[in-house]
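Visitor: let me see the structure of the following:
(2 chains)
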Amino acid sequence: MNNNAKKTAHEPFLHITKRGDISTAGAWSVRLIAIAVSLLVSAVVVVLLTGYNPVQVFKAMFSGNFGSLSKVRTLFQNIAMLLCISLAVTPAFKMKFWNLGAEGQVLVGGLASAACMFYLKDSLPNILLILIMFVASILSGIIWGLIPAVFKAKWNANETLFTLMMNYVAIQLVSFFIMLWVPSGSSVMGLINASTKAGWLPNLFGQKYLINILIVAVLTVVMYFYLKSSKQGYEIAVVGESSNTAKYIGINVKKVIVRTMTISGGLCGLAGFLLVSGTNHTVTKDLAGGMGFTAVMVSWLAKFNPAVMVLTSFLIVFLQRGAGEIATVCRLNESVSDILTGIIIFFIIGSEFFINYKINFKSKHKEEK
Amino acid sequence: MKKFVKVLAIVLAVALVATFAACAKKDGGDNQDKAGIKIGLICLHDENSTYDANFINALKAVQEELKLSDDQVLIKTNIPESDACYTAAEELVESGCQVIFADSFGHETYILQAAKDFPEVQFCHATGTMAHTEKLANFHNAFANIYEGRFLAGVAAGMKLNEMIEAGKISEEKAVIGYVGAFPYAEVKSGYTSFFLGARSVCETATMKVTYTNSWFDIALEREAALNLINNGCVLISQHADSEGAPKACEEKGVPNVAYNISTISMGPNTALISSKINWAPYFKLIYNAAVNGEEIPTDYCGTLKDGMVELTELNTTVAAKGTQEKIDAVKADLESGKVHVFSTDAFAVKGEKLNSYKADVNTDEAFTPDTEVISDGYFHESEYRSAPYFDILIDGITEM
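Guide: Numbers count the residues shown, from 1 in each chain, chains lettered A, B, ... in the order given. A predicted model of the protein is given here:
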């Protein structure tokens, strides 16, 4: 970054100053340039690794996402799931409550749904079963989110570690129940109620996942207005900025923490429900598949704005799906997907630096001889 | 800001030039035979797992033998046992695959679903249990009599134990084998029991301790498990888990190791003894040719020593006891002729008693009901009523830790 080779005595070659004046258009053009550069760097990396031509690589990336109706469907489904979990963590993060436990909250939510499917089978009308699963999942997510929230509010326990460790408890809980439910010891549930489809969200207009996608779309709008226009949303913002200010103006900080984590955990539970009832129809240890952590990134990149999160989650899923296709077409290890996503996220996060800071080069007329 | 834009413009321009230069260099390398039949492989992990590497390498070998292009052999790795498996199958169908093979037990229900949705495509699944009862024309299971391979690998292990006893390194009753298993599941239990019976057929005092990692692939856990067994007095280690964790731990401690699915001689030149493996190439060839010729694929195929699906990898002569190869060859001939049965009821006892009857859960149902009598003519008929193993009895001489 800095060029020390040509050091001058009085003024460095470049120096960095903070700027507060960049326009929205300016900021977005910096981000777009960053994405363009990151795509080129990714292309160069892939070309160096494989010798494939980059046009082919980008074509694969595009066709991996939009190549067919089913691919588009999967793309939207994956966006919906990531977005749902991102929306769930957003109120907590906006409040500066570091909820790294989305993974576990989703898992227990999913586990609750699976338990309903396993024990109730087709003893109830499907709509009733689905309703029970819906409530059970949200409640489980709330419980998993509330435990660290109460400890934070009452004893100021470190929520980062607490929520993180709750993930492992959730994983073990899922393992335990699978072992209980599958006496053969294979630790594989497989599709639950495969023959009766009890507890499976139905297809809407013959399309899989459509219910998931619609629910998350509605949720996005609701969350947008909740954070932007509601009193509670305002309280979250104030607590996030400064809990002392919040106390000073009469906000009950503890109540806000507990209330917000109820929402956060509940929505994670909802994601668990959608993943079990509307997607996998089973529960596994990696039901959340790391989305609980990716969601943190989605939320931060969008500066906690649900509308922008649609874009950031699209970007991440697009990259993952595209890189998966590249891996198959170019016979690369699937890890290439992580490498490419890493490169692109690096550039996007890096671009924030250029939005917030200005690089001043040494002006020419001051240059000494 | 202006300077910054300038710098960016230069970066972009250079990158674009590089892009086009690369384009010019390599183009039109994509003229494969589009009319050819395509085969798709769905793997739970990637080449880093010995289990999946075994499938990938076999398919690549078949690709080479049949001179197929990369375009005709599509491999999807790291596909979890969830809806993602169905999606992967769906995408392979869309890419034009006529035969699709999935390698993990948990893929089965999703592959079955895909088979129902795409009746014109053939779906094959390793280690699965449902094809013989589902009776779909385009859904097939496959496995192999790997218990015979494990028995032979066990013979090599028993010979090694004998050598250690003769050399005075251990006493007869200290001939304890350690086994790192993945899950307490029939495929694993059948595997370690046949291995143990092989070892005990040559070393009568051998006993075995089994420990589970509760994961199919976890390098650190498998390593820990192997070290733990060694610390608990095990003098030879084998495993049914898919990473290099255990073989490498054995090499560190100088304890002989018998592996599965790949030769580990390069990882442990001084301790790797031999491995049993399922060679999937004959099966891949079978299903590919069936698709080309429009023939039916067997509903539930079980490979054998004879058809080349059950194999032993190269014997590491620096580790093996003298005469091991000759002994293996003799026992192999006896297994092939039917003179020796791995699970002969004379060879093992359960709680001190000979087993004359056993009902196994052969036909998969939600309640896991034992449904088929599998002991007759003096032996347990493993992999005969369906290809996937169902021997899940804890026999005397083996303790689970």
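
Visitor: quick one: mean pLDDT for stretch B:212-228?
Guide: The average pLDDT within stretch B:212-228 is 91.

Visitor: secondary structure element holding the closest residue to B:Q98 other than its chain neighbours?
Guide: Among residues not flanking B:Q98 along the chain, B:A291 sits closest, at 4.7 Å (C-beta to C-beta, 6 or more residues apart in numbering or on different chains). For the C-beta atoms, the positions are set from N, CA and C on the backbone; glycine is no exception. Per DSSP states H and E: B:A291 is located in helix B:281-293.

Visitor: what does the helix or strand just after that helix contact?
Guide: Next helix or strand after helix B:281-293 toward the C-terminus (DSSP H and E): strand B:300-303. Residues outside strand B:300-303 that contact it (C-beta atoms under 8 Å, 6 or more residues apart in numbering or on different chains) are B:131-132, B:140-145, B:278-279, B:282-283, B:286, B:309-310, B:383-384, B:386-387.

Visitor: sitting in helices, which of the residues you listed do you find?
Guide: Counted as lying in helices by DSSP state H, out of the contacts of strand B:300-303, are B:131-132, B:282-283, B:286.

Visitor: and the stretch 201-350 of chain A, which residues reach chain B?
Guide: Proximity of the stretch 201-350 of chain A to chain B (C-beta under 8 Å from any C-beta of the partner chain) is limited to residues A:279-282, A:284, A:286-287, A:289, A:324, A:327-328, A:331, A:333-335.

Visitor: the helix or strand hosting A:F118: how far from the chain's middle?
Guide: In the assignment (DSSP H and E), A:F118 maps to helix A:102-120. The chain centre lies 19 Å from the centre of helix A:102-120; the measure is C-alpha atoms, centre = their mean, to the nearest Å.

Visitor: which helices and strands does the next helix or strand after it pack with?
Guide: Once the chain leaves helix A:102-120, the next helix or strand it forms, by DSSP H and E, is helix A:126-155. Helix A:126-155 makes packing contacts with helix A:102-120, helix A:159-181, helix A:253-275 when contacts are defined by 3 or more C-beta pairs under 8 Å, 6 or more residues apart in numbering or on different chains; DSSP states H and E.

Visitor: need these in TSV with mean neighbour count and mean pLDDT, can you?
Guide: Formatted as TSV, the helices and strands packed on helix A:126-155 follow (neighbours: other C-beta atoms under 10 Å in any protein chain shown; pLDDT from 0 to 100):
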stretch	mean neighbour count	mean pLDDT
helix A:102-120	28	96
helix A:159-181	17	94
helix A:253-275	26	95
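
Visitor: closest to A:A295 out of those helices?
Guide: helix A:102-120 (5.6 Å; C-beta to C-beta).

Visitor: tilt between the closest one and helix A:126-155?
Guide: Angle, helix A:102-120 to helix A:126-155, by axes from the mean of the first three to the mean of the last three C-alpha atoms, to 10 degrees: 140 degrees.

Visitor: what's the angle from helix A:102-120 to helix A:159-181?
Guide: Counting by the same axes, to 10 degrees, helix A:102-120 lies at 20 degrees to helix A:159-181.

Visitor: and A:L82, what element?
Guide: Using DSSP H and E, A:L82 falls within helix A:69-94.

Visitor: can you mark which positions in that helix are buried?
Guide: The neighbour-count criterion (16 or more other C-beta atoms under 10 Å in any protein chain shown) identifies A:71, A:73-94 as the buried residues of helix A:69-94.

Visitor: which residue comes closest to the residue positioned nearest the centre of chain B once chain neighbours are left out?
Guide: Closest residue to the average C-alpha location of chain B: B:Y51 at 5.0 Å, with C-alpha atoms, centre = their mean. Leaving aside its sequence neighbours, B:Y51 sits nearest to B:D242 (C-beta to C-beta, 6+ apart; 3.9 Å).

Visitor: now A:M179
Guide: Spatially, and ignoring its direct neighbours in sequence, A:M179 is nearest to A:S187 (6.4 Å; C-beta to C-beta, 6+ apart).

Visitor: next: A:Y168.
Guide: Closest residue to A:Y168 apart from its sequence neighbours, by C-beta to C-beta, 6+ apart: A:G104 at 7.6 Å.

Visitor: show the contacting residues for that neighbour.
Guide: A:144, A:163, A:166-171, A:292.

Visitor: can we see that at 7 Å?
Guide: When the contact criterion is C-beta atoms under 7 Å, 6 or more residues apart in numbering or on different chains, the partners of A:G104 are A:144, A:166-167, A:169-170.

Visitor: cool, A:C116 as well?
Guide: Counting by C-beta under 7 Å, 6+ apart, A:C116 touches A:129, A:132-133, A:136, A:199.

Visitor: in JSON lines: those, plus neighbour count and pLDDT.
Guide: Formatted as JSON lines, the contacts of A:C116 follow (neighbours: other C-beta under 10 Å; pLDDT from 0 to 100):
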{"residue": "A:L129", "neighbour count": "22", "pLDDT": "95"}
{"residue": "A:I132", "neighbour count": "17", "pLDDT": "97"}
{"residue": "A:M133", "neighbour count": "25", "pLDDT": "96"}
{"residue": "A:A136", "neighbour count": "21", "pLDDT": "97"}
{"residue": "A:G199", "neighbour count": "24", "pLDDT": "92"}
